[in-house]
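J.: Sequence plus the predicted model coming up.
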Amino acid sequence: MPSWKLKAVAQRAIGVLPFPHFWNGILQKRVAHSVGLGDGLFFDRLDKACRHLNNFRDGPDQGGLPSRAVEIGTGWFPIVPIALWLCGVGTVETYDLSRHATDTRLSQTIEHFIIAWKNGRLARALPDLDRDRISRLKRMAQNRIPSELVEGLAELGIHYAIAPIGPERIPRGSVDLVFSTAVLEYLPYPALVGLLRECCDSLSPKGVVSHWVDLSDEYAYFDRDITPFNFLRFSDRAWRLINNPIIPLSRLRLDEYRRACKGRTNFRPLRRSKTRPVAAGCLNDEGARSGPFIVRRRP
């Protein structure tokens, strides 16, 4: 069984190299085998896309589709933004600080969508799937080489950019849905509060923020001998020596996310859905294990 301690040492060493994200990608692919796109990750992210959309619909006096949605943190595979577009969202923009979604990974992502469409699993996973849009995605992919996929997705209405979000790109009051999936856990508390404030400023009057947070120790995905809460055993000082310097985990807990939302962010919680209680994003003890949704709307 691979040890999380060995991975931690390797990532500390990579952190001092030039282009650490490149070398970290090599480590994840060749050693940890954690950046491949399998069915488990693919369908989990389709489920997250449905829940983000349901969180939008669970807002007061809503029920339609966002005209403009913005994702914070694209990650390795842009499954969620493509899924939201396939479900009828007008335009979807996804922003990241580094390009993890390479041409090859974009191609793999679209290929998974097409295979899932052919075997019928995509329609079951996405109840709101627009069949005309999946046909358009399929035609686009057939007519493009991997290096042209970013341009092809943009023509469909899915825009991928390597840039920080801010008012120059996302004007105040212009977005119906701001969402992220497994991103906020990397932000220290002051940066979290600042990001939530920017999210609130960007929302339209009917806008909703939906963030899914993974509160577990990432090393537990690599080393099955430790629990998802292994990193809570360490003091702050010890964790600074262990933490991944490339994309460090904050170890923030539920109460800290609650406090960030109740602070200067001006968010108000959505009403709890009677038909979709999980999608309504309650921050509770069970959520600490499965990952909570933080769902807020503009005052």
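T.: Sure thing, it's come through. As the structure is a computational prediction, the values presented were derived from the model and not from experiment. Numbers count the residues shown, from 1 in each chain.
J.: Show me what the top strand by length along the chain is packed against.
T.: Ranked by residue count under DSSP state E, the longest strand found in the chain is strand 203-212. Under the contact definition 3 or more C-beta pairs under 8 Å, 6 or more residues apart in numbering; DSSP states H and E, strand 203-212 sits against helix 39-57, strand 175-181, helix 189-202, strand 293-297. From N, CA and C alone the C-beta is placed, and that goes for glycine too.
J.: Save those as a markdown table, and put in mean pLDDT, mean neighbour count and distance to residue 109 too.
T.: Below are these laid out as a markdown table (pLDDT from 0 to 100; neighbours: other C-beta atoms under 10 Å; distance: least, C-beta to C-beta, whole Å):
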| stretch | mean pLDDT | mean neighbour count | distance to residue 109 |
| --- | --- | --- | --- |
| helix 39-57 | 94 | 21 | 8 |
| strand 175-181 | 96 | 26 | 14 |
| helix 189-202 | 91 | 18 | 25 |
| strand 293-297 | 86 | 25 | 23 |
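J.: Specify the stretch among the ones you listed that is closest to residue 135.
T.: Across these, residue 135 has its closest neighbour in helix 39-57 (18.1 Å, C-beta to C-beta).
J.: Next, the angle strand 293-297 makes with that closest one.
T.: 20 degrees (axes from the mean of the first three to the mean of the last three C-alpha atoms, to 10 degrees).
J.: what angle separates the helix or strand that comes right after helix 39-57 from strand 175-181?
T.: Downstream of helix 39-57, the first helix or strand assigned by DSSP states H and E is strand 68-72. Direction vectors for strand 68-72 and strand 175-181, defined by the same axes, to 10 degrees, enclose an angle of 30 degrees.
J.: Which parts of the stretch 151-299 of the chain are helices?
T.: Counting by DSSP state H, counting those that start in this stretch, the stretch 151-299 of the chain has helices at residues 189-202, 219-222, 236-242, 254-262, 287-290.
J.: quick one, which of those is nearest to residue 96?
T.: helix 189-202 (13.7 Å).
J.: Tell me which other helices or strands that closest one touches.
T.: By 3+ C-beta pairs under 8 Å, 6+ apart, helix 189-202 packs against strand 68-72, strand 175-181, strand 203-212, helix 254-262.
J.: okay if I get those as TSV plus distance to residue 44?
T.: Below are those laid out as TSV (distance: least, C-beta to C-beta, whole Å):
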stretch	distance to residue 44
strand 68-72	16
strand 175-181	9
strand 203-212	10
helix 254-262	21
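J.: Quick one, which of those gets closest to residue 295.
T.: The nearest among these, by C-beta to C-beta, is strand 203-212 at 5.2 Å.
J.: Just put the helices of the stretch 151-299 of the chain in JSON lines and tack on distance to residue 88.
T.: Formatted as JSON lines, the helices of the stretch 151-299 of the chain follow (distance: least, C-beta to C-beta, whole Å):
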{"stretch": "helix 189-202", "distance to residue 88": "21"}
{"stretch": "helix 219-222", "distance to residue 88": "32"}
{"stretch": "helix 236-242", "distance to residue 88": "43"}
{"stretch": "helix 254-262", "distance to residue 88": "28"}
{"stretch": "helix 287-290", "distance to residue 88": "27"}
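J.: Please name whichever of the ones you listed is nearest to residue 80.
T.: Among the helices of the stretch 151-299 of the chain, helix 189-202 sits nearest to residue 80 (C-beta to C-beta), with 16.1 Å.
J.: and the angle from that closest one to strand 175-181?
T.: Going by the same axes, to 10 degrees, helix 189-202 makes 150 degrees with strand 175-181.
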